[in-house]
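pasting a predicted model and its sequence here:
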Amino acid sequence: MRPDLMPDTGTQLRLYRQMRRARHFDERGWVLYRQGRLGVFPPFGGMEASQVGTAAALSADDWLFPTYRDTGAALTLGLPIARTLAYWRTSPHGWAMPENLKVLPFYIPIATQYPQAVGAALAEKRKGTRNVAMAYIGDGGSSEGDFHEALNFAGALNAPCVFILQNNGWAISVPTRSQTRATDLSRRAEGYGLPGVRVDGNDVLATWHVTAQAVERARNGEGPTLIETVTYRVKPHTVADDPSRYRTEEEGAPWREKDPVTRLRAHLLRTGVLNEEGEAALLAEVAAEFEEALREADTYPDPAPAEILDHVFAEPTPQLRRQREELLAEVEA
Ligand SMILES: Cc1ncc(C[n+]2csc(CCOP(=O)(O)OP(=O)(O)O)c2C)c(N)n1
Ligand SMILES: [Mg+2]
């Protein structure tokens, strides 16, 4: 990487801590799932540079629209670990966001977050702030109509949006090459008059750099950017998926070599920004933070059935009220 594009050492260390927090969540998540202490969740290990480097370019006043895969991004912008654990326990505590946090609950319906992010960005523009909205999507999601509508809409209205397209090679069992004939997904931006950037999604210094530039453009009223982070889903689609049914083990081998956490670690140790002692302390802090959050999540009471409908709208619609009554009557019976 060109030295003049390198984030300062403070930023490098901040990125490393966030990547370790994400990696730790992913690894502990697997164990907790097997222990029956966490529900089915989509692992993201190996995609930390793609998620952390992009989210770290935001400020606390910006919006983040994550998909189910983007725990690493959400944690980076400040989503509490305890809430995230609650989410994957299907507890309402997991989708009632802290008031001051502009991170949306993880989107499960593919691509719906993209047009909604444009709406949030336009609202900020109308209010005259310099805040931006960042939305995540996968390679598979980029085949959905919502993706294209959002890019067109954002371009036409010059919305302060940053679109992150994480190309991790797979949409469950469908490889990117079957998903589309396009071979460079970032070039789709051209069709909507937007800049499109393709970046090594396993290099956190690079993802951070290109995203920081896109965020700056958006803040300055210069409009949206599409960033394709080229990475790989080394893990199964969810902890309940068996990828050996649709792909070979060898396919992932070169990607495991390019592990983004190991890669930044090697750089930090080589340049003396971090030493083994400093790293050990950092890892201990990250682990302690997680265990504390797990203890907190364990204190959340089990949800009551009707809570599944709370937090959907500030004011429930007549339909929701009716469904709530029906549900309660059913539980009663
Ligand atoms: C609208 C909609 N259609 C289908 C699904 C089922 N589904 C869940 S994940 C997924 C694959 C998405 O792949 P991609 O966008 O590449 O994201 P990744 O899982 O690789 O992060 C599909 C089709 C869904 N959740 N929503
Ligand atoms: Mg994918």
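Received the coordinates, thanks. Ligands and ions are numbered 1, 2, ... in the order given.

tell me the secondary structure for residue 198?
Secondary structure of residue 198, reduced to three states by DSSP: H, G, I helix; E, B strand; the rest coil: strand.

so what does the helix or strand hosting residue 153 touch, helix or strand wise?
Taking DSSP states H and E as the criterion, residue 153 maps to helix 145-156. For helix 145-156, the contact count by 3 or more Cβ pairs under 8 Å, 6 or more residues apart in numbering; DSSP states H and E identifies helix 113-127, strand 161-167 as packing neighbours. Where you see a C-beta, it was placed from the backbone N, CA and C, and this is true even at glycine.

so of these, which one's packed in deepest?
Relative to the other members of these, strand 161-167 carries the highest mean neighbour count by mean count of other Cβ atoms under 10 Å, namely a mean of 29.

I'd like the next helix or strand past that strand.
Where DSSP H and E defines the elements, the next helix or strand beyond strand 161-167 is strand 170-171.

what's in contact with that following strand?
138, 139, 140, 141, 143, 176, 179, 233, 237, 247 (Cβ atoms under 8 Å, 6 or more residues apart in numbering).

adjacent strands (with direction) for that strand?
When pairing is defined by DSSP bridges, strand 170-171 lines up against strand 174-175 (antiparallel).

next SSE after the strand it pairs with?
Tracing the chain past strand 174-175, the next element assigned as helix or strand by DSSP H and E is helix 176-179.

was I right about residue 50 contacting residue 228?
No: using Cβ atoms under 8 Å, residue 50 is not in contact with residue 228, being 9.9 Å away.

so which of the contacts of strand 170-171 sit within strands?
Secondary structure from DSSP state E places residue 138 of the contacts of strand 170-171 in strands.

alpha carbons of stretch 266-277, as PDB, please.
Taking only C-alpha atoms (Å, rounded to 0.1, in the frame of the first residue of the first chain), the coordinates of stretch 266-277 have been written out as PDB:
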ATOM      1  CA  ALA A 266       1.600  -9.300  10.800                       C
ATOM      2  CA  HIS A 267       1.800  -5.700   9.600                       C
ATOM      3  CA  LEU A 268       1.400  -4.300  13.100                       C
ATOM      4  CA  LEU A 269       4.100  -6.500  14.600                       C
ATOM      5  CA  ARG A 270       6.500  -6.000  11.700                       C
ATOM      6  CA  THR A 271       6.200  -2.200  11.900                       C
ATOM      7  CA  GLY A 272       6.400  -2.200  15.700                       C
ATOM      8  CA  VAL A 273       3.000  -0.500  16.100                       C
ATOM      9  CA  LEU A 274       2.100  -3.500  18.300                       C
ATOM     10  CA  ASN A 275       4.200  -6.000  20.200                       C
ATOM     11  CA  GLU A 276       3.300  -9.400  21.600                       C
ATOM     12  CA  GLU A 277       2.800  -8.100  25.100                       C
END
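
what residues of that stretch count as buried?
When neighbours are counted by 16 or more other Cβ atoms under 10 Å, the buried residues of stretch 266-277 are found to be 267, 268, 273, 274.

hey, what's whichever residue of the stretch 151-300 of the chain sits closest to ligand 1 bridged with?
Closest contact between the stretch 151-300 of the chain and ligand 1, by Cβ to the nearest ligand atom, is at residue 171 (3.1 Å). The partner list for residue 171 in beta bridges (DSSP bridges) reads residue 174.

low-confidence stretches in this structure?
Within the chain, the segments meeting pLDDT under 70 span 1.

for the closest residue to ligand 1 within it, give me its contacts.
With distances taken as Cβ to the nearest ligand atom, the chain approaches ligand 1 most closely at residue 138, which sits 2.3 Å away. Contacts were defined as Cβ under 8 Å, 6+ apart; by that measure residue 138 touches 67, 69, 110, 165, 166, 167, 168, 171.

want to try JSON lines for those residues, with distance to residue 157 as columns?
Output for these, formatted as JSON lines (distance: Cβ to Cβ, whole Å):
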{"residue": "67", "distance to residue 157": "23"}
{"residue": "69", "distance to residue 157": "28"}
{"residue": "110", "distance to residue 157": "23"}
{"residue": "165", "distance to residue 157": "20"}
{"residue": "166", "distance to residue 157": "25"}
{"residue": "167", "distance to residue 157": "26"}
{"residue": "168", "distance to residue 157": "29"}
{"residue": "171", "distance to residue 157": "29"}
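
filter those by proximity to ligand 2?
Residues of the contacts of residue 138 in contact with ligand 2 (Cβ under 5 Å from the ion): 168, 171.
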